[in-house]
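Enquirer: Sharing a model prediction with you, sequence too.
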Amino acid sequence: MPATERKWIAFDAAGTLFETAQPVENVYADCFSTLGFGLPEKTWKTAFRRAFELTPDPIYAEPGKGDETEKEWWRELVRNAALSTGIRPDPETLNTAFDELFDHYAVGSSWSLFPETKSVLTDLNSKGVGLAVVSNFDSRLHPVLEELGITSHFDFILTSADAGARKPSPSILHSLMEKANTTPSDICLVGDSELADDGAADAAAIPFFHIKRPTTDLSHFSNWHRQRFS
């Protein structure tokens, strides 16, 4: 089948293919507790959500420096999360916490595949559909996918660090379409974020399927894709 006739599916990663193995607030609470700041998980849950509101998207000023840019963004988010709890750790303590948290999410054991992920990917592979990951992530995504045992299902794995832009910018989707030699009519995006994923799909003029658990999961998407693209 010529590349231009092959159908493609782009998947978001976290929240779509897998989730954190433990609630984020538990991980942050444990980390800071060992550093002398014992706060309840519910405090960190609120603080982490607040940190996302306070931390603007990274600015990718230098080509080829996407991973460094993403890492500094996460460093600022950890700082804002800590400050949002009301604590004021010194810079050395914050750096220690950041290093521990950043490394924690760099391994597959910190994440958990959704129950249907492998079976849906295997089924799509058997049908000859091109599969890719397009994620607002950094190079840590590669070992995570490998350790979760799903790397081999994908033709391409692209991160915002690679593209130098985060969804809802369509840049990462444009990059994928160029690599896959495909067009918006032959590709769709699957994701859990209306803002980031739906926004990017709309900007790139490609169909979008919203994963909104427990109402819809990857099995629902598989049925939708079969009806729409068969």
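Expert: Good, I have the coordinates. The shown structure was predicted, so the numbers you read here are calculated from the model rather than taken from an experiment. Numbers count the residues shown, from 1 in each chain.
Enquirer: hey, let's count contacts and neighbours off CA atoms from now on
Expert: Will do.
Enquirer: quick one: the strands in the chain?
Expert: For the chain, the strands defined by DSSP state E cover 8-11, 18-20, 111-113, 130-135, 156-159, 187-191, 208-210.
Enquirer: out of those strands, which comes closest to residue 94?
Expert: The stretch from these with the least distance to residue 94 (C-alpha to C-alpha) is strand 18-20; that distance is 22.1 Å.
Enquirer: what about the residue nearest to residue 102 when sequence neighbours are not counted, neighbour count?
Expert: Nearest residue to residue 102 in three dimensions, chain neighbours excluded: residue 74, at 7.8 Å (C-alpha to C-alpha, 6 or more residues apart in numbering). Neighbourhood size, residue 74 [other C-alpha atoms under 10 Å]: 18.
Enquirer: Okay, residue 74 and residue 150: tell me how far apart.
Expert: The gap separating residue 74 from residue 150 is 25 Å, by C-alpha to C-alpha, to the nearest Å.
Enquirer: how far away is the residue nearest to residue 102 from residue 134?
Expert: Taken as C-alpha to C-alpha, the span from residue 74 to residue 134 is 19 Å.
Enquirer: Please apply the same query to residue 125.
Expert: Residue 125 is 17 Å from residue 134, where distance means C-alpha to C-alpha.
Enquirer: And the helices in the chain, which stretches?
Expert: Secondary structure of the chain (DSSP state H): helices located at 24-34, 41-54, 66-85, 91-104, 117-126, 141-148, 160-163, 171-180, 199-204, 218-229.
Enquirer: what packs against the worst-scoring helix or strand of the chain on mean pLDDT?
Expert: The helix or strand of the chain with the lowest confidence, counting by mean pLDDT, DSSP states H and E, is helix 218-229 at a mean of 91. Counting contacts by 3 or more C-alpha pairs under 8 Å, 6 or more residues apart in numbering; DSSP states H and E, helix 218-229 packs against helix 117-126.
Enquirer: hang on, isn't residue 26 packed against residue 39?
Expert: No. Counting by C-alpha atoms under 8 Å, residue 26 stays clear of residue 39, with 10.1 Å between them.
Enquirer: If you count neighbours, what's buried in stretch 104-123?
Expert: Across stretch 104-123, burial judged by 16 or more other C-alpha atoms under 10 Å covers 105-108, 110-113, 117-118, 120-121.
Enquirer: Can you tell me which of these lies closest to residue 89?
Expert: residue 105 (21.6 Å).
Enquirer: ok so, going back, other residues contacting the least confident helix or strand of the chain?
Expert: Contacts to helix 218-229, defined as C-alpha atoms under 8 Å, 6 or more residues apart in numbering, come from residues 7, 16, 116-117, 120, 190, 209, 211.
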